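Asker: next comes the sequence, and after it the predicted model I'd like to discuss.
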Amino acid sequence: KAGVTQTPRYLIKTRGQQVTLSCSPISGHRSVSWYQQTPGQGLQFLFEYFSETQRNKGNFPGRFSGRQFSNSRSEMNVSTLELGDSALYLCASSFGSGRSTSDTQYFGPGTRLTVL
Amino acid sequence: TQLLEQSPQFLSIQEGENLTVYCNSSSVFSSLQWYRQEPGEGPVLLVTVVTGGEVKKLKRLTFQFGDARKDSSLHITAAQPGDTGLYLCAVNSGGSNYKLTFGKGTLLTVNP
């Protein structure tokens, strides 16, 4: 079965611009989580969506937002880009039932965002 | 303060050597996960440990969860170049299985 796909894979933007990243989860998965990975801070949780609702949120400013569609695909948006937003943005999908630690999160390959 | 401290940060060894990497915390966890991330890819789950003192084996990889469920180790026997990657430990936080907190990882390079 197809894995998690993220588009685009690479993106270059300038400060002040906004960007939208897309994530298509594994078929049947209803939970999508987003993470930011930087060399200095490592992997940090942004937010998680389940059935079109934000269920969990990390400690990021309001410039970072997301949404999920009825087909479980998700997008995240970063407005007013800053140099420090340069990072690998990863999404992960899972069934999302929450009843077991065996509900594995499957990560996509990420979108590499560079802010100039 | 980092919730999960991983050590060493970098490790470069020759093929065939053994190695151990660590994930430590002052907090107690109900479970802990280990991931491996290869260049250009997202992390891939290797194992989840849930019981204090638990040992799990995955071919040449041995994972141990500390008795007090505050720390974990990953031991690789006879490392191969294919083991090269970033090894990350992670725990659920905020009471959710879908909000993971990661350590900063150990970057392992196995030279042929």
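Answerer: Alright, I've got the coordinates. Residues are numbered from 1 along each chain as shown, chains lettered A, B, ... in the order given.

Asker: which strand or helix spans the nearest residue to residue A:104 once chain neighbours are set aside?
Answerer: Distances taken as C-beta to C-beta, 6 or more residues apart in numbering or on different chains put residue B:45 closest to residue A:104, at 5.4 Å, once the chain neighbours are dropped. Where you see a C-beta, it was placed from the backbone N, CA and C, and this is true even at glycine. According to DSSP states H and E, residue B:45 maps onto strand B:44-49.

Asker: which secondary structure elements does that strand contact?
Answerer: Helices and strands touching strand B:44-49, by 3 or more C-beta pairs under 8 Å, 6 or more residues apart in numbering or on different chains; DSSP states H and E, are strand B:32-37, strand B:55-58, strand B:61-65.

Asker: neighbouring strands of it in the sheet, and parallel or not?
Answerer: Paired strands of strand B:44-49, with direction, are strand B:32-37 (antiparallel) (DSSP bridges).

Asker: got the angle for the partner strand vs strand B:61-65?
Answerer: Here strand B:32-37 points in a direction 150 degrees away from that of strand B:61-65 (axes from the mean of the first three to the mean of the last three C-alpha atoms, to 10 degrees).

Asker: the residue in chain A that chain B sits nearest to: neighbour count?
Answerer: Nearest residue of chain A to chain B (C-beta to the nearest C-beta) works out as residue A:107 at 2.9 Å. Look at residue A:107: counted by other C-beta atoms under 10 Å in any protein chain shown, it has 22 neighbours.
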